[in-house]
Every structure is written in C-alpha cells, then in structure tokens.
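Colleague: coords please:
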Amino acid sequence: MTRERSYRGISERLAIHYLTNLGGEQTEADVVEADDWRATLDSEKVSIGSTLSLTEVTIRFEGDEAALDPLVERFSQKAMRAGG
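Modeller: Numbering: from 1, shown residues only. Just a heads-up that it's a prediction; the model follows:
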C-alpha cells in the first residue's frame, strides 16, 4: 500500500528526524525504513502569495496498511506542530 502526503513549513531534515523517532532508520539521504514501512522524501520551495515561500516536504509512505495508518497519523501530528 502507498500513501503520499505533503507537509508545508517543515524541513526534510526534521521530517527524517521524526521518522527515525517513529521507529525508522535512515538508509539513504531521502529514505527512512523500518521492518514494515518505507518513507521516501522530496522537498521543494513553494510560493505563498507574492512575497512568501515555504518548504513543502512530500513523503511517499509504503508498506503494510496496519503499519501505515498509525505511522501517517503520528507523523502528521508531529509535522503539524512543527509547521504551525
């Protein structure tokens, strides 16, 4: 199963830190893996209006549905606190 989510206002470095705290291990510069899931990260600057830009991190979560549901929920809670 695959799920893709985007988060604004969080750095890729911080996203990797959160994923490792949730049980993963960084295996490549933009990949964090655990026994039953894998997260691949990509980031870019996005414009908000004419003068403001934010980092947007997109994460592709792959793995067991039973593992992804709580992982995505817990990660999203952490990312929402960081970004806003």
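
Colleague: next up, the contacts around the closest residue to residue 25 other than its chain neighbours.
Modeller: Closest residue in space to residue 25, ignoring its immediate chain neighbours: residue 33 at 6.1 Å, by Cβ to Cβ, 6 or more residues apart in numbering. C-beta here means a position set from N, CA and C on the backbone, and glycine is covered the same way. By Cβ atoms under 8 Å, 6 or more residues apart in numbering, the contact list for residue 33 reads 24, 25, 27, 39.

Colleague: and the first one, how far is that from residue 53?
Modeller: Computed with Cβ to Cβ, to the nearest Å, the distance linking residue 24 and residue 53 is 28 Å.

Colleague: mind checking which of the two has more residues around it?
Modeller: Each of residue 24 and residue 53 has its neighbours counted (other Cβ atoms under 10 Å); residue 24 has more, 20 against 11.

Colleague: my guess is that one contacts residue 37. True?
Modeller: Yes - judged on Cβ atoms under 8 Å, residue 24 makes contact with residue 37 at a distance of 7.3 Å.

Colleague: select only the buried ones of the contacts of residue 33 in PyMOL?
Modeller: The following PyMOL line selects those of the contacts of residue 33 that are buried, judged by 16 or more other Cβ atoms under 10 Å:
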select buried, resi 24+39
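
Colleague: may I see the contacts of residue 33 arranged in a markdown table, with pLDDT, secondary structure and distance to residue 48 as well?
Modeller: Formatted as a markdown table, those follow (pLDDT from 0 to 100; DSSP: H, G, I helix; E, B strand; the rest coil; distance: Cβ to Cβ, whole Å):
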| residue | pLDDT | secondary structure | distance to residue 48 |
| --- | --- | --- | --- |
| 24 | 97 | coil | 29 |
| 25 | 98 | strand | 33 |
| 27 | 98 | strand | 32 |
| 39 | 98 | strand | 25 |
